[in-house]
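Chemist: 3D model of this:
(one chain, ligands or ions: 1)
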Amino acid sequence: AGRLAGDVVVVTGAARGLGAAIARAAAEAGAHVLLGDLDGPRADAVAATLVAAGHSARGTTLDVTSQQSVEASLQTVLEWQGRVTGLVNNAGRLIEADVVSLTEEQWDAVLDVNLKGAWRTTRAYVPAMIETGGGSIVNISSLEGLFARPAHVAYAVSKAGLLNLTRATAVDFGRSGIRCNAICPGSIETEMLTQHLEATGDADAAASDLIGRNRTGRLGRPEEVGATALFLLSGEAGFMNGSHVVVDGARGA
Ligand code: NAD
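Modeler: Numbering: from 1, shown residues only. Now for the predicted structure:
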């Protein structure tokens, strides 16, 4: 049996990138996986590839900025499997602007998905997890939750907040069987990273710059974050709670 055999895991923002890789890792480890995303059809398509490979998965439309949508995803997973044991708060967005030029709307938009979105799912899912014996929550923060990069203020603030949401969830519900940990990825090859590189006007130079700061000499792969999430979801991480793991290939200045 796989490391997550019998577990039921919900991944937000799972239609592509890190979310899709995390969903794949969980499904391959034997979990039933619900893939939620703003782009429901694309989440369905990723789930269909997992099912075709013999795993248990389904997709659903999910907007983490809506408490109603979050509650609906919980009903979907409970109707499907009767319980939920894992939640990966991965949905995220990046708007690039510095502290002065960022608009209030941009600040709110980024915080609403990256930070408040994770709180909405956590507050909805924790009681359901406790009812069936507990569960593991993994929040996808960022290296930028630990230090600022230029013109990423809203993103950096949201990811730093997510680290303390992680700690708060562990402290508030650790005694009820909830573990909550975070991952701080460095630069990983996804569409979000590609869009960031293209926005610089010289994607190749920007990619070389990122790789040059990284002692592993390459960008990270989504499945490398997937493997870390799998570990945190599994019982092997049973004594990790309120913690974070950096997956950045030794990034430096
Ligand atoms: P991505 O943009 O490729 O994918 C993000 C997914 O989230 C998309 O499928 C999108 O539709 C979905 N999403 C956006 N808003 C949503 C909402 N309101 N409700 C539900 N789903 C929503 O990004 P990625 O690179 O795969 O990033 C995934 C997570 O990892 C993000 O939280 C990101 O901040 C974080 N992260 C990424 C990197 C990196 O280098 N790629 C590094 C550190 C952290």
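Chemist: what residues are up against the residue nearest the centre of the chain?
Modeler: Geometric centre of the chain, nearest residue: Asn90, 1.9 Å, by C-alpha atoms, centre = their mean. Shown in contact with Asn90 (C-beta atoms under 8 Å, 6 or more residues apart in numbering): Val11, Thr12, Gly13, Ala14, Leu18, Gly19, Ile22, Ile140. In this view, the C-beta of every residue, glycine as well, is placed from N, C-alpha and C.
Chemist: which of those residues tops the neighbour count?
Modeler: Val11 (37 neighbours; other C-beta atoms under 10 Å).
Chemist: check contacts around the residue nearest to Gly135 when sequence neighbours are not counted.
Modeler: Using C-beta to C-beta, 6 or more residues apart in numbering and skipping residues adjacent in sequence, the residue nearest Gly135 is Met129, 3.5 Å away. Contact analysis of Met129 by C-beta under 8 Å, 6+ apart lists Val84, Thr85, Leu87, Gly135, Gly177, Ile178.
Chemist: in ChimeraX, how would I select the buried members of those residues?
Modeler: Burial among these is assessed by 16 or more other C-beta atoms under 10 Å; the matching ChimeraX selection reads:
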select :84,85,87,135,178
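Chemist: what count of nearby residues applies to the residue nearest to Thr12 when sequence neighbours are not counted?
Modeler: Leaving aside its chain neighbours, Thr12 sits nearest to Ala91 (4.0 Å; criterion: C-beta to C-beta, 6+ apart). Ala91 has 24 neighbours, counted by other C-beta under 10 Å.
Chemist: list the contacts of Ala91.
Modeler: Thr12, Gly13, Gly19, Gly36, Asp37, Leu38, Leu62, Val64, Val113, Asn114, Gly117.
Chemist: ok, the fifth one - how many residues close by?
Modeler: Right, Asp37. Considering only other C-beta under 10 Å, Asp37 is surrounded by 27 other residues.
Chemist: close to the ligand: what parts of the protein are there?
Modeler: Applying C-beta under 6 Å from any ligand atom, one finds that the chain approaches the ligand through 12-13, 15-19, 37-39, 62-65, 90-93, 113, 117, 140, 142, 185, 187-188, 190-193.
Chemist: ends of stretch 92-109, how far apart?
Modeler: End-to-end distance of stretch 92-109: 10 Å, with C-alpha to C-alpha, to the nearest Å as the criterion.
Chemist: can you give me how far the strand ranked longest in the chain is from the chain middle?
Modeler: Scanning the chain for the longest strand, with DSSP state E as the assignment, gives strand 178-185. Distance of strand 178-185 from the chain centroid (C-alpha atoms, centre = their mean, to the nearest Å) equals 9 Å.
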